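Asker: Need coordinates for the following:
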Amino acid sequence: MLTKDYIRMALEEDLGPGDHTTKACITPGQVGTAHLLVKADGVLAGMSTAIPVLTQLDSNLVVRVLRNDGDRIHAGEIILEVTGSVASILQGERLFLNILQRMSGIATRTRWWSDKIAHTSCRLLDTRKTTPLHRAMEKEAVRCGGGVNHRMGLYDAILIKDNHVDACGGILEALEAVRKYLAKEGLKLPVIVEVRNLEELKILLQAGPVDRVLLDNFSVPLLREALAFLRDSARDKSAHCLVTEASGNIRLDNLVDYAETGVDFLSIGALTHSVEALDLSLKISKIHH
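Answerer: Predicted coordinates:
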């Protein structure tokens, strides 16, 4: 849900000192109905987020929702109607659509990619590669499309990445620093460790339990080898069974190959950082006299 302050500032950015076109063309007090038209097949997301834009702008607007977030929608469908001041509808139109179109674009891409690996047990994760201050909306859209949210920020999980490892002098040193920090601060956070090769993976298994291993920039053959090594280690009781995640250079054309390795998660920045907005249009369909 957007905050009232966010909506206010976003509307002020668009309206400035006034919507002069609407003031010139629309009779004060004119009432009408607009419908939200779907112009391309996709997955709907952001309805619950975007509607407050209209109702905060004008509490007298009456919104009738015909489809819900997460629904598959098709070109030609009407998925919402809003009735009330024509001026208010026109003034809120662009912000309302900007939110809804981007979130639906993210949900559509996530669902498209998820469907391609539905025959596996692998799930898609989003990343922190989101639009600044829009992360909650964009991650909600990933959920609407069938994906899974990774950490929301730097605060809700420990993720030891390559730069942390290098700065600490190694994986063992980084993990020891993390464990001391968590104990000192009295924190209980999931611990994820990124490894760049099989050697780092073997070192990690010697370091004691963590929650997840992130296999970064592994080719498909190398990922298979790493997962086989983890299974063998768990079977020999030399290591506990780790949740596994792969990331880096995962694209639509190799997505299935990665998922079929048996990895638990694929984290993909492209779910949020470079999506195409879903084509939606808000049209005045009736003027009430």
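
Asker: for stretch 55-66, which positions count as buried?
Answerer: Buried residues in stretch 55-66, counted by 16 or more other CB atoms under 10 Å: Thr55, Gln56, Leu57, Leu61. C-beta here means a position set from N, CA and C on the backbone, and glycine is covered the same way.

Asker: ranges for the strands of the stretch 101-250 of the chain?
Answerer: Assigned strands in the stretch 101-250 of the chain, in chain order: 123-125, 158-160, 191-195, 212-216, 243-247 (criterion: DSSP state E, counting those that start in this stretch).

Asker: closest one to Leu11 among the ones you listed?
Answerer: strand 123-125 (33.4 Å; CB to CB).

Asker: ok, back up a step: the buried residues of stretch 55-66 in strands, which ones?
Answerer: Counting by DSSP state E, no part of the buried residues of stretch 55-66 is found in strands.

Asker: neighbours of the nearest residue to Thr127 once chain neighbours are set aside, just the number please.
Answerer: Computed as CB to CB, 6 or more residues apart in numbering, the closest residue to Thr127 that is not its neighbour in sequence is Gly269, at 4.5 Å. For Gly269, the neighbour count with other CB atoms under 10 Å is 16.

Asker: now the helices for the stretch 1-150 of the chain?
Answerer: 4-15, 20-25, 47-57, 86-116, 135-144 (DSSP state H, counting those that start in this stretch).

Asker: related to what we said a few turns ago, and the strands of the stretch 101-250 of the chain: which comes nearest Gly92?
Answerer: With respect to Gly92, and counting by CB to CB, the nearest of the strands of the stretch 101-250 of the chain is strand 123-125 at 32.6 Å.

Asker: List of residues touching that closest one?
Answerer: Residues from elsewhere that reach strand 123-125 (CB atoms under 8 Å, 6 or more residues apart in numbering): 110, 113-114, 117, 142, 146-150, 245, 264-268, 271.

Asker: any idea how this structure splits into domains?
Answerer: 4-107+275-288, 157-268 (automatic domain parsing).

Asker: what residue ranges in the stretch 51-200 of the chain are flagged as low confidence?
Answerer: Applying pLDDT under 70 to the stretch 51-200 of the chain flags no residue at all.

Asker: need the contact list for the residue nearest to Ile203 when sequence neighbours are not counted.
Answerer: Excluding the flanking residues, the one nearest Ile203 by CB to CB, 6+ apart is Ile171, at 5.0 Å. By CB under 8 Å, 6+ apart, Ile171 lies in contact with Ile160, Val165, Val193, Val195, Glu200, Ile203, Leu204, Ala207.

Asker: Nothing else from me, thank you.
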